[in-house]
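S.K.: Just to be clear, the model below is a prediction. Sequence and coordinates:
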Amino acid sequence: MSSTTLSNTSVIKDIITYASRVKQFNKTDWIVYVIWVGLMLGLFAAVTGFLLIGHNAGVTYPAYVWNIPLGIFIFSIAISFDTIGHRTVYRAYLEKCEALVHHVTIFAGITSTVLLCLAYTWPEFLKIPTAVFIVMSIVYSIIDEAMHWHRYMTQNSDRVEMVSHFFIFIGHNIMVAAWWVWYINGYPGVAETIKAKEALFGF
């Protein structure tokens, strides 16, 4: 079913059709899909688990901190759909140039997240590099969005992919904005949670 046909059906049918393309996956597609989606679900589990350890130990976090796992969850669900189209019906269009933008965006996003974690130990030294990679991840996300909308206008995309990207952008920005505020405020609650984790697991 083409993208133009998709746009003339119900939203539910669009989603089912889009998701059913997973049947077209080859071994490499499955490896890429599991690694990418699994990476984000792993981040969600790690962040949520860390916060719950602290919460159960009586640590009180600023309310905005809970936006971090919320943003990661939204992002994870969105890419679980978006990646299906990228690995199947829209693969040829992405390989022309869009794939490179995806790789740069992913690199900047992952690097910014790693730096946000490391910034707990080296807050002053990593402040500028962290800010730069966060801004670059957003800038390249905007470039990626523009390329997706161009494909949509030329009927080389569909509304399921576009909505997926909308939620990818929302999830990423919620996560990174909340994490940045947590960082610049001195990571309140982290030290207490680390102590609780060490008491619970012995390391």
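M.R.: Everything's here; your move. Numbers count the residues shown, from 1 in each chain.

S.K.: Helix or strand next in line after the lengthiest helix in the chain, which one?
M.R.: Scanning the chain for the helix with the most residues, using DSSP state H, yields helix 27-56. Next in sequence after helix 27-56, counting helices and strands by DSSP states H and E, comes helix 67-87.

S.K.: What's the separation between Ile35 and Ser80?
M.R.: Distance, Ile35 to Ser80, by CB to CB, to the nearest Å: 13 Å. Every residue, glycine included, has its C-beta placed from N, CA and C.

S.K.: got it, and Asn67?
M.R.: Computed with CB to CB, the distance linking Asn67 and Ser80 is 20 Å.

S.K.: Ala57 now?
M.R.: The gap separating Ala57 from Ser80 is 32 Å, by CB to CB.

S.K.: higher neighbour count, these two?
M.R.: Remark: of Ala57 and Ser80, Ser80 carries more neighbours, 17 against 14, as counted by other CB atoms under 10 Å.

S.K.: And for that one, nearest residue in space, chain neighbours not counted?
M.R.: Val37 (5.0 Å; CB to CB, 6 or more residues apart in numbering).

S.K.: Enumerate every residue touching the one you found.
M.R.: Ser76, Ile79, Ser80, Thr83 (CB atoms under 8 Å, 6 or more residues apart in numbering).
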